[in-house]
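K.L.:
Here is my input; please provide its structure:
(chains A and B)
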Protein chains: 2
Amino acid sequence: MRYELFYWPSIQGRGEFVRLALEEAGAPYVDVARTKAGEKRMLALMDGDATRFPPFAPPFLKNGRQIIGQTANILLFLGARHGLAPRADAGRLWTHQLQLTLADLVAEVHDTHHPIAAGLYYEDQRPEAKHRAADFIAHRLPKFLGYFEGVLAANPRDSAHLVGGRTTYADLSLFQVVAGLEYAFPKAMKRVGRRHPHLMTLRKHVAARPRIAAYLASARRIPFNQEGIFRQYEELDR
Amino acid sequence: MRYELFYWPSIQGRGEFVRLALEEAGAPYVDVARTKAGEKRMLALMDGDATRFPPFAPPFLKNGRQIIGQTANILLFLGARHGLAPRADAGRLWTHQLQLTLADLVAEVHDTHHPIAAGLYYEDQRPEAKHRAADFIAHRLPKFLGYFEGVLAANPRDSAHLVGGRTTYADLSLFQVVAGLEYAFPKAMKRVGRRHPHLMTLRKHVAARPRIAAYLASARRIPFNQEGIFRQYEELDR
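P.N.:
Residues are numbered from 1 along each chain as shown, chains lettered A, B, ... in the order given. Have a look, this model is predicted:
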């Protein structure tokens, strides 16, 4: 049976973390909202009349009749089913903890261009975005990247992986975050990248994994763009 | 063996979601940072030299040698061990999904008073806070509360619980969020509350549970205050 992934059809956004896990797992799936009338079906499921388990927002994954929402929760589910996380309790929780910390970082990246309201245009909150992005680059970005660099450096098994010696969904997500940050803040990341060699190694290793490389080269990978979480506004970069 | 909870000693904050679960479970625990030299021990663990699994931020829970960070992750762990979530996979993930949606709401509440930078004082971002809080009250608050009201209303077992017919950690967290919103936005919540009868029932039911009632009346419950996530700034309420 094929999974059905529901996410906005024109952006990577939070759906991309799920797409990367499905691709690495070689799991058959349909990106529903990118098919004909698919977005309508997605909105109907969010309405809540069609299911007892309505998600608050995309992405969500349908596995037969089961619906699973919240990015990190979907990855918890996929990680266990497809060997993208350790089986033992402690490693499973540690992987999830890293994913949730990445989710916090992603939310902060979003708010660099939307500090006042997600429902308003960027153009309506530009001065505030400039302040928030400056603080993000000066304080939050180094704190988060330094944290993940430290986790990689401290991994006794292999500093190219966050958890043990094998690829987990947290590695895939960290790749996506680093790639997104390079798109959004090329100047800041050029400076910061140099100080985080393990992060840069992980980024390269993940991109070179055969299924991920094939995915990145395919039409299934939506390019970064100015509608997603990672946006390139030159005035927000430093 | 007693759990050790590590969280900032003077606020409810995100640690409160863990405290409520520990209290409802009747699990023995020490609130470490509220003990002598405890905060120092907390900061040392975050430094990362003392553990292979350093948390990015409090709260985190120590269970013997195991360290678990990220609020929702700690609750996933406690829920399974103490019967505060369904055992079956689907119910376990649904409960976690609701918790992660509450975590998103909590992050948005925090940003109503800190829209530009968590590291700056509220007084340094007051005009921006006013804009963000107005948008939060007009759009995000009704959307989130309407979502949880709908989940309660659609629960075929019992509309006083989010999941099935028994108390889960998601119920405890929803109680905490509603109580916090009532503290932070009394005017807005007075209006909104009327339209969400199931939320108000759940709030009362949780507060009346014997162990929770005893906890709320004890010195272990830190009162809401102006340093936490839920803060009462009159100019942000409407």
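K.L.:
Surely A:Leu172 is in contact with A:Glu16?
P.N.:
No - with contact taken as CB atoms under 8 Å, A:Leu172 and A:Glu16 are classed as non-touching, separated by 9.5 Å. Any C-beta I mention is one placed from the backbone N, CA and C, and that applies to glycine too.
K.L.:
quick one, strands of chain A?
P.N.:
Per DSSP state E, chain A carries strands over the ranges A:3-6, A:29-31, A:60-63, A:66-69.
K.L.:
Mind giving me the packing neighbours of the first one?
P.N.:
When contacts are defined as 3 or more CB pairs under 8 Å, 6 or more residues apart in numbering or on different chains; DSSP states H and E, strand A:3-6 sits against helix A:15-25, strand A:29-31, helix A:38-47, strand A:60-63.
K.L.:
again, only this time at 7 Å
P.N.:
The elements that strand A:3-6 packs onto, with contact taken as 3 or more CB pairs under 7 Å, 6 or more residues apart in numbering or on different chains; DSSP states H and E, are helix A:15-25, strand A:29-31, strand A:60-63.
K.L.:
touching chain B at all, the helix ranked longest in chain A?
P.N.:
Ranked by number of residues, the top helix in chain A under DSSP state H is helix A:89-113. Yes - among the residues of helix A:89-113, A:Ala90, A:Leu93, A:Trp94, A:His96, A:Gln97, A:Leu100, A:Thr101, A:Ala107, A:Asp111 lie within reach of chain B under CB under 7 Å from any CB of the partner chain.
K.L.:
how much space between the residue nearest to the third one when sequence neighbours are not counted and A:Gln232?
P.N.:
Taking CB to CB, 6 or more residues apart in numbering or on different chains as the measure, A:Trp94 lies nearest to B:Phe53, with 5.6 Å between them; neighbours along the chain are not counted. From B:Phe53 across to A:Gln232, the span is 35 Å (CB to CB, to the nearest Å).
K.L.:
quick one, which of those two is more surrounded?
P.N.:
When neighbours are counted by other CB atoms under 10 Å in any protein chain shown, B:Phe53 comes out ahead of the other of B:Phe53 and A:Gln232, with 21 against 15.
K.L.:
Hmm, that one is touching A:Leu93, no?
P.N.:
No - judged on CB atoms under 7 Å, B:Phe53 makes no contact with A:Leu93 at a distance of 9.2 Å.
K.L.:
TSV for the strands of chain A, including mean pLDDT and mean neighbour count?
P.N.:
Putting the strands of chain A into TSV (pLDDT from 0 to 100; neighbours: other CB atoms under 10 Å in any protein chain shown) gives the following:
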stretch	mean pLDDT	mean neighbour count
strand A:3-6	98	23
strand A:29-31	98	18
strand A:60-63	98	23
strand A:66-69	97	22
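K.L.:
What separation do you get for the residue of chain A positioned farthest from its centre and chain B?
P.N.:
Within chain A, the residue lying farthest from the chain centre (CA atoms, centre = their mean) is A:Asp49, at 28.7 Å. If you measure A:Asp49 against chain B using CB to the nearest CB, to the nearest Å, the figure is 9 Å.
K.L.:
likewise A:Arg34?
P.N.:
23 Å.
K.L.:
Name the nearest residue to that residue, ignoring sequence neighbours.
P.N.:
A:Pro9 (4.4 Å).
K.L.:
That neighbour touches A:Glu39, doesn't it?
P.N.:
Yes - in this structure, A:Pro9 is within contact of A:Glu39 by CB under 7 Å, at 6.1 Å.
K.L.:
Distance of the closest residue to A:Phe60 other than its chain neighbours relative to A:Asp31?
P.N.:
The spatially closest residue to A:Phe60, leaving aside those adjacent along the chain, is A:Gly69, at 4.1 Å (CB to CB, 6+ apart). A:Gly69 sits 16 Å away from A:Asp31, going by CB to CB.
K.L.:
likewise A:Gly228?
P.N.:
To A:Asp31, A:Gly228 is 15 Å away according to CB to CB.
K.L.:
near chain B, which residues of chain A?
P.N.:
Proximity of chain A to chain B (CB under 7 Å from any CB) is limited to residues A:48, A:52-53, A:56, A:66, A:68-70, A:72-73, A:77, A:90, A:93-94, A:96-97, A:100-101, A:107, A:111, A:115-117, A:119, A:128, A:131-132, A:135, A:139, A:147, A:150, A:154.
K.L.:
so how far is stretch A:120-138 off the chain centroid?
P.N.:
The offset between the C-alpha centroid of stretch A:120-138 and the centroid of the whole chain comes to 21 Å, using CA atoms, centre = their mean, to the nearest Å.
K.L.:
Let's see the distance spanning it from one end to the other.
P.N.:
With CA to CA, to the nearest Å applied, stretch A:120-138 spans 25 Å between its terminal residues.
K.L.:
Just the buried positions in stretch A:18-29, please.
P.N.:
Of the residues in stretch A:18-29, those buried under the neighbour-count criterion (16 or more other CB atoms under 10 Å in any protein chain shown) are A:Val18, A:Arg19, A:Leu20, A:Ala21, A:Leu22, A:Glu23, A:Glu24, A:Ala25, A:Tyr29.
K.L.:
Pull that stretch out as CSV, backbone CA atoms only.
P.N.:
The C-alpha trace of stretch A:18-29 is given here as CSV (Å, rounded to 0.1, in the frame of the first residue of the first chain):
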residue,chain,number,x,y,z
VAL,A,18,8.7,13.9,5.4
ARG,A,19,9.5,13.7,1.7
LEU,A,20,13.2,13.1,2.5
ALA,A,21,12.4,10.3,4.9
LEU,A,22,10.0,8.6,2.5
GLU,A,23,12.6,8.9,-0.3
GLU,A,24,15.5,7.6,1.8
ALA,A,25,13.3,4.7,2.9
GLY,A,26,12.3,3.9,-0.7
ALA,A,27,8.7,3.9,0.5
PRO,A,28,6.0,4.3,-2.2
TYR,A,29,4.0,7.4,-1.7
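K.L.:
So what touches it?
P.N.:
Where contact means CB atoms under 7 Å, 6 or more residues apart in numbering or on different chains, the residues beyond stretch A:18-29 that reach it are A:2-5, A:59, A:61, A:71, A:74-75, A:78, A:82, A:84, A:167, A:169, A:172, A:176, A:209, A:211-212, A:215.
K.L.:
got it, and stretch A:188-204?
P.N.:
With CB under 7 Å, 6+ apart as the test, stretch A:188-204 has contacts from A:137, A:141-142, A:145, A:148-149, A:152-153, A:159-160, A:171, A:174-175, A:178-179, A:181-182, A:237-238.
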